[in-house]
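J.: just to be clear, the model below is a prediction. Sequence and coordinates:
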Amino acid sequence: MNSKFARYLRRFFIDHGTYTLMLLPLLIFVFAIAIYPLFFSLRISFFDYRLTDPNQIQTFIGFQNYVQAFSDPVVLQSISTTLVFVGGTVSLEILFGLGLAFLLGAETRFANFMRSFLMIPMALPSLVVGLVWRALYNVDFGVLPYYLKLIGVDLGHGPLSEVSLAMPAVIIIDIWQWSPLLMFIFLAGIKSLPVEPYEAAYVDGASRWQSFIHLTLPLLKPTFLIAILLRTMQSFKVFDIIYATTAGGPGTTTTVLNYHIFKVGLTFFDMGYAAALANILLVVIAVLSIIYILMLERQQL
Amino acid sequence: MTKRHPVEKIFMVIATVFVMAFFLIPIFWLITTSFKFGREAFAIPPKWFTFDFTLKNYTQLLESSKTLMFVKNSLIISVFTTILSLLLGVPAGYAIARSRSRLLNTSSYFFLIILMIPPVAMLIPFYLIMRDMSLLGTYQSVIILDTVFDASFVVWMMRSYFADVPQEMEEAALVDGASKFTSFVKVALPLSIPGIISSAIYCIIFSWNDFLFALMLTNPKTKTIPLGILASFSAIEISWGQMAAMSMFAIIPALFISLGLNRYFIQGLTMGASKG
């Protein structure tokens, strides 16, 4: 049994030795820096461990942190806030990205020029994006409330301080930063589509809009699925924008789970509880990643 | 492509104007505010074009030794992160692309999963480990955590890039007696420069822009530009002009790339999504 495994290993290294050695440094690095901390995180999630405690005592409390997580109204609230944020940003960005692809997808100089501007938002630090929008939204000197007032819309205390407006305001910032990415993904997808159906549609007298609706959209279905999953997973990570604009407020209206974990772990230093929350988030992300990978595999076939 | 109805054309023009205004106004606001005096940054109605132009915000920033320190720290962190990510990621991506072992091939998904881990979830244990090793506040702590994510991206990206590079020349080199490693260095690498540039740009941008890791892992001496922006922001008197000027340092790579290297950047960003 043992020698069989040894023989298998030997065989494997003769066949794939060089490639294994090229992969190994990174694999070791990632295991040491990423996988080990995740196990560490699993361990401390079973402890009551507060860095604010002068004696730094770690008390084993079993599943207590997880029980607390699922009965904590703030956590339940932040989970639904996360779902609203992710659902809102992903669906609107898909629509917006599609609109952009339709508007600026042509292979003309002008469209190309415009597209190069659309690259700026996603290359900017999200923190800067958040701060700029915070200034634009500012109720005293911000541009947006001023012009809206001119046309008769009063935003009260400003978009970021009104309970009903804060979430849409933050979602708009995310749309501003990331819908161009979806445009580029869609354009890459459109480029790889066959031309024959379009030629046939042209001969039949279809308009640009008609062939977009009846040809491009159905043919792009795989690209859609991939884009939705990719953005969903990125959207779960949102942090900088929230930090720069609302800090989770007003109240907890924009406290997404990610931000809540940050607050519990890295500002209140309740590490055990924060680790438990982080693990819950990881399970959600893991399920999504597996779906994503299965879809990539299917698309490859 | 196909003929357009005049109404459709007018609609398209109006929509394009609105869309471009939406995307460009915030950037325009940031750039102009960095050249405004304090009171004009707050002016209502807003002064878009007719303001007193000043370089005061920049001269003030450059006079402070802190600004140069922020820039230096950001440079150190992003340069080392990029080099390390490429050194680890490019050979690994090649190995996955060329190997016929099912085990090595599927390991690319392992790196994809790493990319999906929310940074906060990683930061909680990593912060504790760095604290126990007394590495909090060092460049290394930020660099290695950035490298985990960036190198995983490089593998994923280079794997699909190498898969598209024609293999005949490498096979010829192997037949002539070159080792697999030599044919990687001498044949495959020179053919993959564009892919490597895309990867490098991604690493530079994302380590330059990183805020959360730097927020928790740096100390006052190793703070990066995003933290510098926040510092100018949370001072007693909020100075939007200074914040904007400091932000200009932060967005230099972004502007540079959108003007000159956009092809590579887009390739990097869309590669993961459009190719399995």
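T.: Yep, that arrived.

J.: what is the neighbour count of residue 240?
T.: Chain wasn't specified; assuming chain A. Neighbour count of A:D240, defined by other C-beta atoms under 10 Å in any protein chain shown: 23. Placement of C-beta: from N, CA and C, glycine included.

J.: let me rephrase: I mean chain B.
T.: Every residue meeting other C-beta under 10 Å relative to B:W240 is counted, giving 24.

J.: nearest residue to it other than its sequence neighbours?
T.: Once flanking residues are discounted, B:W240 sits nearest to B:A41: 4.5 Å by C-beta to C-beta, 6 or more residues apart in numbering or on different chains.

J.: for the one you found, what are its contacts?
T.: A:141, B:33, B:240-241, B:244 (C-beta atoms under 8 Å, 6 or more residues apart in numbering or on different chains).

J.: between those, which is closest to A:A34?
T.: B:A244 (36.1 Å; C-beta to C-beta).

J.: for the strand or helix carrying the closest one, C-alpha coordinates in PDB please.
T.: Assigned by DSSP states H and E, B:A244 belongs to helix B:240-260. The C-alpha trace of helix B:240-260 is given here as PDB (Å, rounded to 0.1, in the frame of the first residue of the first chain):
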ATOM      1  CA  TRP B 240     -11.300  69.400   0.300                       C
ATOM      2  CA  GLY B 241      -8.700  71.100  -1.800                       C
ATOM      3  CA  GLN B 242      -5.900  69.200   0.000                       C
ATOM      4  CA  MET B 243      -7.800  66.000   0.000                       C
ATOM      5  CA  ALA B 244      -8.300  66.400  -3.800                       C
ATOM      6  CA  ALA B 245      -4.600  67.200  -4.400                       C
ATOM      7  CA  MET B 246      -3.500  64.200  -2.300                       C
ATOM      8  CA  SER B 247      -6.000  62.100  -4.300                       C
ATOM      9  CA  MET B 248      -4.300  63.200  -7.500                       C
ATOM     10  CA  PHE B 249      -1.200  61.200  -6.300                       C
ATOM     11  CA  ALA B 250      -3.400  58.300  -5.600                       C
ATOM     12  CA  ILE B 251      -5.000  58.300  -9.100                       C
ATOM     13  CA  ILE B 252      -1.800  58.800 -11.100                       C
ATOM     14  CA  PRO B 253      -1.600  55.100 -12.000                       C
ATOM     15  CA  ALA B 254      -5.200  55.100 -13.000                       C
ATOM     16  CA  LEU B 255      -4.900  58.100 -15.300                       C
ATOM     17  CA  PHE B 256      -1.600  56.800 -16.800                       C
ATOM     18  CA  ILE B 257      -3.200  53.400 -17.500                       C
ATOM     19  CA  SER B 258      -6.400  54.700 -19.000                       C
ATOM     20  CA  LEU B 259      -4.400  57.000 -21.300                       C
ATOM     21  CA  GLY B 260      -1.600  54.700 -22.400                       C
END
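
J.: which parts of that helix are buried?
T.: Within helix B:240-260, the residues that count as buried by 16 or more other C-beta atoms under 10 Å in any protein chain shown are B:240-251, B:253-255, B:257-258.

J.: same question, stretch B:10-17
T.: Going by neighbour count (16+ other C-beta under 10 Å), the buried part of stretch B:10-17 is B:12, B:16.

J.: which pLDDT value belongs to the residue nearest to B:W240?
T.: As predicted, B:A41 sits at a pLDDT of 76.

J.: and which of the contacts of B:A41 is nearest A:L288?
T.: B:A244 (37.0 Å).

J.: who touches the closest one in this structure?
T.: So B:A244 contacts B:30-31, B:33-34, B:36, B:41, B:57 (C-beta under 8 Å, 6+ apart).

J.: just the buried subset of those residues, please.
T.: The buried subset of these - by 16+ other C-beta under 10 Å - is B:30, B:33-34, B:36, B:41, B:57.

J.: quick one: stretch B:121-133 to chain centroid distance?
T.: How far stretch B:121-133 lies from its chain's middle: 23 Å, per C-alpha atoms, centre = their mean, to the nearest Å.

J.: got the contact list for it?
T.: A:33-34, A:36-38, A:40-41, A:44, A:261, A:265-266, A:271, A:274-275, A:278-279, A:281-282, A:285, B:136, B:141, B:145, B:148, B:212-213, B:216-217.

J.: could you identify the buried members of those?
T.: A:33-34, A:37-38, A:40-41, A:44, A:261, A:265-266, A:271, A:274-275, A:278-279, A:281-282, A:285, B:136, B:141, B:145, B:148, B:212-213, B:216-217.

J.: look at B:F35 and give its secondary structure.
T.: Following DSSP: H, G, I helix; E, B strand; the rest coil, we place B:F35 in the coil state.

J.: isn't it right up against B:K47?
T.: No - look at B:F35 against B:K47 with C-beta atoms under 8 Å: they stay out of range, at 11.2 Å.

J.: so between these two, which is more surrounded?
T.: Using other C-beta under 10 Å, the more surrounded residue of B:F35 and B:K47 is B:F35, with 20 against 14.

J.: host element of the residue nearest the centre of chain A?
T.: When C-alpha atoms, centre = their mean is applied to chain A, the residue found nearest the centroid is A:Q234 (1.6 Å). Here A:Q234, judged by DSSP H and E, is contained in helix A:221-236.

J.: what comes up buried for that helix?
T.: Within helix A:221-236, the residues that qualify as buried are A:223-236, counting by 16+ other C-beta under 10 Å.

J.: can you list the domain ranges for the chain.
T.: I'll assume chain A. A:2-44, A:73-300 (automatic domain parsing).

J.: hm, I was asking about chain B
T.: Using automatic domain parsing, chain B is parsed into the domains B:6-55, B:57-274.

J.: end to end, how far does the first one reach?
T.: Across its full length, domain B:6-55 reaches 47 Å between end residues, using C-alpha to C-alpha, to the nearest Å.

J.: what is the burial count for A:S116?
T.: Counted with other C-beta under 10 Å, the neighbours of A:S116 add up to 17.

J.: so it: helix, strand or coil?
T.: Look at A:S116: counting by three-state DSSP, its state is helix.

J.: from B:V19, how far out is it?
T.: According to C-beta to C-beta, to the nearest Å, A:S116 stands 14 Å off from B:V19.

J.: which helix or strand contains B:F149?
T.: With DSSP H and E as the test, B:F149 turns up in helix B:139-164.

J.: pull the residues that contact the helix or strand following that helix.
T.: Counting by DSSP H and E, the element after helix B:139-164 in chain order, helix or strand, is helix B:168-175. Contact with helix B:168-175 is made by B:98, B:180, B:182-184, B:186-188, B:191, as judged by C-beta under 8 Å, 6+ apart.
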